[in-house]
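A.B. asks: Okay, here's the prediction I keep looking at, along with the sequence it came from:
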Amino acid sequence: VYRWKVSEGLVRRDAPTAGPGGLAKPAELLRQLASAAAPGVYLLLDLHPFLDDPVHARLFKDALGRENCTFFLVGHGMKLPADLDKLAARFELPAPGREELLGLLKEEVAALRSARPEREPMAEPEAVEGLLQHLSGLTAQDARRVIRQVLLDDGTLTLADFDRIYQAKRELLGREGVLSLEKSAVRLDDLAGLANLKRWLLARREAFLGDPAVTRLEVPKGILLLGVQGCGKSMAAKAVASAWGVPLLRLDFGALYNKYLGETERNLRESLKTADAMAPCVLWLDEIEKGLATSDADGGESRRLLGTLLTWMAERKARVFMIATSNDIERLPPELVRKGRVDEIFFVDLPAESQRAQILAIHLKRRGHALEQFDLPALAKTAESFSGAELEQAVVAAMYAARLENKALEGTQVAAEMARTKPLAVVMAEKIAYLRLWARDRTVPAD
């Protein structure tokens, strides 16, 4: 068994005493393999970038013709020239599972015990289970790094370490900017209205988290939230993850796109693979129409992205609950909204008067104001056609005005800010009317 790295050359790994390697330069290695390679198994680490050179590619093809030689190209995100790619069999290693992660933890505990015998590593059983769940979806190398960070600090693993573990994982997942781990403290009770959506989600919690053999229910796949901007679709996605007690992953379609051919689809496949490895989890596709609006202007890239996503939706086995949000039905591909792609399509409309009062109460209470000082029904009536986001901004702007006047916040200041605001429902009345008309017989009202 031979191993090659550009930093050490070609070294025999199964010899009793392996000497220093030679052939560190890729061209020297490939010429040797093509002309006089000894029988054996060759592990070639990170050689694939050098195979873009036509001379290197030709030498490697000659080496592939030698008998009793097997070559393993090892690397991340490997892309081979087309004529070499068809000669290769691809193997993608999955993220480590629970038992492998537990083995990594035991190895690091043993290493710490050996390096610092005066400090006996300790781990709470509940913390171990939580750590294994938090590490799901990471590579073995990244998982080992997180374990070391936690253990080297004080030699213990407790529930108090979870915030650091979460932050470390968030940084690791967010390195490429495509998939991010969101920390959500939003509860379903924090959402005003949306009674139908809440009821639907609560009815399916057990089916998503429980054992199908016991519940005898199909695992829910996902929903599409369609509606007016600023009406709580994003908050609903965050609340689902909190209510079900699972991680929330946000897929940024803007960061998916890459100028290099094929990289955009690879980014999506890698993100979906990470979501599968982190199951059970919620995958949030925010404003999905911005990434999947089919057009011929992009050389078919958006259509390929759509095909990749639809294939994953149809074939996935992992417990990944997908929540897609959209503001513009005209830009959504019809393949995505047909029945069966998702479990249900909910329409999130502008809040009614009673809901506007609830939303105002939530934002005023969150900012430390006594609700009895405000005439919430009157304010809700004043805020006709306001979205939830616009109601929040009216409260925030009124607080700035009160601060400038060195006064306590009053309802008159909130009402004044509302009077100065032109809500989106007025500015884009025709577009919202069309959205409502389309959704009337095709979707389920969220409230």
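C.D. replies: Alright, I've got the coordinates. Numbers count the residues shown, from 1 in each chain.

A.B. asks: wait, isn't residue 319 in contact with residue 276?
C.D. replies: No - under the criterion of CB atoms under 8 Å, residue 319 makes no contact with residue 276, lying 9.1 Å away. No exception for glycine: its C-beta is placed from N, CA and C like everyone else's.

A.B. asks: Flag the shaky bits of the stretch 101-250 of the chain, pLDDT-wise.
C.D. replies: Judged by pLDDT under 70, the stretch 101-250 of the chain has its weakly predicted residues at 118-121, 174-177.

A.B. asks: Tell me where it has helices.
C.D. replies: In the stretch 101-250 of the chain, the helices defined using DSSP state H, counting those that start in this stretch lie at 125-135, 140-154, 162-173, 195-209, 212-215, 233-244.

A.B. asks: Now do stretch 357-374: everything it contacts.
C.D. replies: With contact meaning CB atoms under 8 Å, 6 or more residues apart in numbering, stretch 357-374 is reached by 190, 192-193, 351, 376-377, 379-380, 383, 388, 391-392, 395, 399, 409-411, 414.

A.B. asks: ok, now stretch 399-414?
C.D. replies: Residues lying outside stretch 399-414 but in contact with it, judged by CB under 8 Å, 6+ apart, are 360, 367, 369, 373-375, 378-379, 394-395, 398, 416-417.

A.B. asks: Over to stretch 82-101?
C.D. replies: Where contact means CB under 8 Å, 6+ apart, the residues beyond stretch 82-101 that reach it are 51, 57, 60-61, 64, 73, 80, 104, 132, 135-140, 143, 273-274, 277.

A.B. asks: do that again at 6 Å, thanks
C.D. replies: 132, 135, 137, 140, 143, 277 (CB atoms under 6 Å, 6 or more residues apart in numbering).

A.B. asks: Give me the buried entries from those.
C.D. replies: The neighbour-count criterion (16 or more other CB atoms under 10 Å) marks 132, 135, 137, 143, 277 among these as buried.

A.B. asks: Who's the closest spatial neighbour of the third one, skipping the chain neighbours?
C.D. replies: Put plainly, it is residue 137. Leaving aside its chain neighbours, residue 137 sits nearest to residue 278 (3.6 Å; criterion: CB to CB, 6 or more residues apart in numbering).

A.B. asks: State the phi and psi torsions of the one you found.
C.D. replies: phi -90, psi 0 (degrees, to the nearest 10).

A.B. asks: can you count the residues close to it?
C.D. replies: By the other CB atoms under 10 Å criterion, the neighbourhood of residue 278 contains 27 residues.

A.B. asks: what's near enough to touch it?
C.D. replies: In this structure, residue 278 makes contact with 136, 137, 247, judged by CB under 6 Å, 6+ apart.

A.B. asks: That one and residue 193, how far apart?
C.D. replies: For residue 278, the distance to residue 193 (CB to CB, to the nearest Å) stands at 31 Å.

A.B. asks: Over to residue 250?
C.D. replies: Here the distance between residue 250 and residue 193 works out to 23 Å (CB to CB).

A.B. asks: what does residue 244 give?
C.D. replies: Residue 244 is 20 Å from residue 193, by CB to CB.

A.B. asks: circling back to that earlier point, could you redo the buried ones among the contacts of stretch 82-101 as TSV and give each row distance to residue 334?
C.D. replies: Conversion of the buried ones among the contacts of stretch 82-101 to TSV gives the following (distance: CB to CB, whole Å):
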residue	distance to residue 334
132	42
135	40
137	32
143	41
277	31
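
A.B. asks: Pick out the most distant pair among the residues you listed.
C.D. replies: Between any two of the buried ones among the contacts of stretch 82-101, the greatest separation by CB to CB is 12.7 Å, found for 132 and 277.

A.B. asks: Which parts of the stretch 251-400 of the chain are strands?
C.D. replies: Here the stretch 251-400 of the chain has its strands, by DSSP state E, counting those that start in this stretch, at 281-285, 320-326, 344-348.

A.B. asks: Excluding chain neighbours, give the residue nearest to the residue nearest in space to the middle of the chain in space.
C.D. replies: In the chain, the C-alpha nearest the mean C-alpha coordinate belongs to residue 249, at 3.3 Å (CA atoms, centre = their mean). Nearest-residue entry for residue 249: residue 283, 5.1 Å, with adjacent residues in sequence omitted and distances by CB to CB, 6+ apart.

A.B. asks: As JSON lines, the contacts of residue 278 with distance to residue 235 would be great.
C.D. replies: Formatted as JSON lines, the entries for the contacts of residue 278 read as follows, by distance: CB to CB, whole Å:
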{"residue": "136", "distance to residue 235": "26"}
{"residue": "137", "distance to residue 235": "24"}
{"residue": "247", "distance to residue 235": "17"}
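
A.B. asks: which one among the residues you listed gets closest to residue 327?
C.D. replies: Each of the contacts of residue 278 was checked against residue 327 using CB to CB; the closest is residue 247, at 25.3 Å.

A.B. asks: Enumerate every residue touching the residue lying closest to the closest one once chain neighbours are set aside.
C.D. replies: The shortest distance from residue 247 to any residue other than its chain neighbours is 4.4 Å, reached at residue 281 (CB to CB, 6+ apart). Residue 281 is in contact with 246, 247, 249, 320, counting by CB under 6 Å, 6+ apart.

A.B. asks: for the first one, what are its contacts?
C.D. replies: If you count contacts by CB under 6 Å, 6+ apart, residue 246 has them with 280, 281, 282.
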